[in-house]
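1. Model the following, please.
(one chain, ligands or ions: 1)
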Amino acid sequence: MCLMPNVMRIFPTSPSNFRMSNEPCEIGGYVFPKNTQFMFSYQIINSHPAHWINPNEFNPERFLNSSNESRKSNQYLQAFGGGHKVCPGKIFAMLHLKSFLVLLYRKWEVELVDMNALIKSYDITTRSCQQLEVRIRRRNLFNLKNIFEIYSF
Ligand code: HEM
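-> The predicted model follows:
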């Protein structure tokens, strides 16, 4: 359960979003009139050094419930938006992803062809991966040699 939040933190499906102000407001010392449209970046919130320790590090353990950082950071993870407009499909999507990964890795071994390859993606509000080479091998579920080793007396 901590792998997916960290993937979504570093590579959010929705890297940015929009909001419109329904009243005048002040942000960072600047005053904005009513009906100003704001674009903001989930990508930046998700890796801002003010909220995350070593933000560029891929460390799923930061989302373990027992970690202090987890409790602090979870509120800054913006994979599904937040507030009144938060994604209503959030729990369904996480369950779906988890089931998909279990079914995939049960039968297949998947590894990156090049661990240092840059992910080519296209995005504005929704990000899609354009190219990422992976090597897929069928898992050897019935390794007879192992079975004989286990049952030999
Ligand atoms: C990994 C999968 C998904 C991601 C990353 C995602 C992300 C998001 C984000 C960032 C928003 C904008 C929230 C905001 O404005 O604060 C959103 C809105 C929304 N999402 Fe998702 N979503 C996912 C899956 C789903 C699924 C499976 C459904 C439906 C079954 C769904 C339905 C919606 C709807 C209806 C909205 C609009 C909510 C509103 O404007 O009131 N999403 N989603």
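2. can we go C-alpha only for contacts and neighbour counts from here?
-> Noted.
3. what residues does this protein put near the ligand?
-> 13-14, 79-82, 85-90, 92-93 (CA under 6 Å from any ligand atom).
4. can you put those residues in TSV and add pLDDT?
-> Output for the residues of the chain next to the ligand, formatted as TSV (pLDDT from 0 to 100):
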residue	pLDDT
13	89
14	88
79	89
80	91
81	89
82	85
85	90
86	92
87	94
88	96
89	96
90	93
92	95
93	94
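5. Which ChimeraX command selects the buried ones in those residues?
-> The ChimeraX command for the buried members of the residues of the chain next to the ligand (criterion: 16 or more other CA atoms under 10 Å) is given here:
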select :13,14,79,80,81
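6. need the residues of the chain next to the ligand in JSON lines with secondary structure, can you?
-> Shown next, in JSON lines, are the residues of the chain next to the ligand (DSSP: H, G, I helix; E, B strand; the rest coil):
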{"residue": "13", "secondary structure": "coil"}
{"residue": "14", "secondary structure": "coil"}
{"residue": "79", "secondary structure": "coil"}
{"residue": "80", "secondary structure": "coil"}
{"residue": "81", "secondary structure": "coil"}
{"residue": "82", "secondary structure": "coil"}
{"residue": "85", "secondary structure": "helix"}
{"residue": "86", "secondary structure": "coil"}
{"residue": "87", "secondary structure": "coil"}
{"residue": "88", "secondary structure": "coil"}
{"residue": "89", "secondary structure": "coil"}
{"residue": "90", "secondary structure": "helix"}
{"residue": "92", "secondary structure": "helix"}
{"residue": "93", "secondary structure": "helix"}
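7. Take the residues of the chain next to the ligand and lay them out in a markdown table including distance to residue 39.
-> Formatted as a markdown table, the residues of the chain next to the ligand follow (distance: CA to CA, whole Å):
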| residue | distance to residue 39 |
| --- | --- |
| 13 | 16 |
| 14 | 12 |
| 79 | 16 |
| 80 | 16 |
| 81 | 13 |
| 82 | 14 |
| 85 | 15 |
| 86 | 16 |
| 87 | 17 |
| 88 | 21 |
| 89 | 22 |
| 90 | 22 |
| 92 | 27 |
| 93 | 24 |
